[in-house]
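Trainee: sharing a model that was predicted from the sequence below.
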Amino acid sequence: MPGRATAPRKGEELKVKVVELAAALGLNAETEVKAARRLWGAKRRIDVVLKRPETDKVLGVECKFQGTKGSAEEKIPATIKDIEYWPIQGIVVIDGPGFSDNMKGFLMATGKAVWFEDLEDWLKLYFLL
């Protein structure tokens with residue numbers, strides 16, 4: 001299947017960028033954190049969990065990269081819904097040129113998604129940095 005080999009690598013690169021940004025802001029980051037099960041029973045892992053050591057405030061982050069137009073973005077609404085059941089607050093960080101205008105609108109309307117380019121400001125506000 002075309003693009004299959006590059007999709008995880010791009011998502012992994014986004015996850016690395018989130019962890020690097022967190023470190024630059026003085027936040028601790030842990031990846032692939034186990035958190036019970038998803039709505040449909042599959043084991044849940046949160047891509048990145050950020051923690052501010054001074055306050056113990058935490059945030060879960062799912063990283064979604066969409067390099068080209070396609071159906072991968074159709075899984076994101078389930079991710080947004082799943083975040084509601086996490087034991088901590090969470091957001092989806094998105095990046096890439098492949099998101100449709102409809103999905104961009106949906107994601108921004110949820111209040112649970114942020115573009116990577118805006119993440120630094122968002123994290124500074126959330127963690128009161």
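Mentor: Sure thing, it's come through.
Trainee: give me the contacts around the helix or strand bottoming out on mean pLDDT in the chain.
Mentor: Across the helices and strands of the chain, the lowest-confidence element by mean pLDDT, DSSP states H and E is helix 6-24, at a mean of 81. The contact list for helix 6-24 (CB atoms under 8 Å, 6 or more residues apart in numbering) reads 28-29, 31, 47-48, 50, 61, 63-65, 67, 72, 93, 95-96, 116, 119-120, 123. In this view, the C-beta of every residue, glycine as well, is placed from N, C-alpha and C.
Trainee: swap in stretch 28-42?
Mentor: 15, 18-19, 22-23, 43-53, 60, 78, 81-82, 85-88.
Trainee: switch the cut-off to 6 Å
Mentor: Around stretch 28-42, the neighbours that count as contacts under CB atoms under 6 Å, 6 or more residues apart in numbering are 19, 22, 43, 44, 45, 46, 48, 49, 50, 51, 53, 82.
Trainee: list the buried ones in it?
Mentor: By 16 or more other CB atoms under 10 Å, the buried positions in stretch 28-42 come out as 29, 31, 33, 35.
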